[in-house]
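[1] Sequence unavailable; structure follows:
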């Protein structure tokens, strides 16, 4: 098994990935300008659709659902059938036993994190997953925090050994070839009617 230091210099393996969608809730999204909200929702939603095509398991969380509401509807409807949205009451998802058990149950060891907020729940979950022996990837343009907090969260994760990438880079590491890109583009068009590169 590769350690986290090695994986920083290794292409991300699609067959080892889990997509973890963290706390993309309307109660958080209200902090952001509308154009940023649209970008976060479209990029996270796009990765969810691609994950379904590539058979990447999705684990989804929402913070304090009874108080703050659940996953934003435009993302909830993209979840595979019968995929639960876990109630997260501790910022670090590995300290929520039910959520961490769902991550473990996938049998995969590379956690790809998207969602809100970069410097709090994303960063704490990333570091928690590192401590549990996972390879961790944070997607910079599919995560968000207000103001300078986004950059601070990314720096905190990089310093801890998390691999920070973007949606485009992640996607092309997942697919690896022109032939597979064309095949997925066709499947994606059939699924949601959008060109594969609309998000880039």
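    It's in. Everything numeric here is computed off the predicted structure, so don't read it as measured data.
[2] helices and strands around the longest strand that the chain contains, which ones?
    The longest strand of the chain (DSSP state E) is strand 135-144. Where contact means 3 or more CB pairs under 8 Å, 6 or more residues apart in numbering; DSSP states H and E, strand 135-144 is packed against helix 4-7, helix 34-53, strand 110-116, helix 123-131, helix 149-160, strand 163-165, helix 167-175. (Each C-beta comes from the backbone N, C-alpha and C, glycine too.)
[3] How about the secondary structure of the most far-flung residue of the chain relative to its centre?
    Each residue of the chain has a distance to the centre, and by CA atoms, centre = their mean the biggest one is for residue 179: 25.2 Å. Under DSSP: H, G, I helix; E, B strand; the rest coil, residue 179 falls in the helix class.
[4] State the pLDDT value of it.
    Residue 179 carries a pLDDT score of 91 in this model.
[5] got it, and residue 199?
    pLDDT at residue 199 comes out at 66.
[6] Equivalent analysis for residue 126, please.
    98.
[7] ok, now residue 192?
    pLDDT, read off for residue 192, is 66.
[8] Renumber starting at 41 from here on
    With 41 as the first residue, the last one maps to residue 232.
[9] Please confirm that residue 59 is located within a strand.
    Yes: counting by three-state DSSP, residue 59 is found in a strand.
[10] is it in a bridge, and if so with what?
    Beta-bridge partners recorded for residue 59 (DSSP bridges): residue 98, residue 152.
[11] The residue farthest from the centre of the chain and residue 90, how far apart?
    Distance check for residue 219 against residue 90: by CB to CB, to the nearest Å, it reads 16 Å.
[12] same check, this time on residue 169
    Taken as CB to CB, the span from residue 169 to residue 90 is 21 Å.
[13] got it, and residue 107?
    32 Å.
[14] ok, these two, which is more surrounded?
    residue 90 (23 against 8; other CB atoms under 10 Å).
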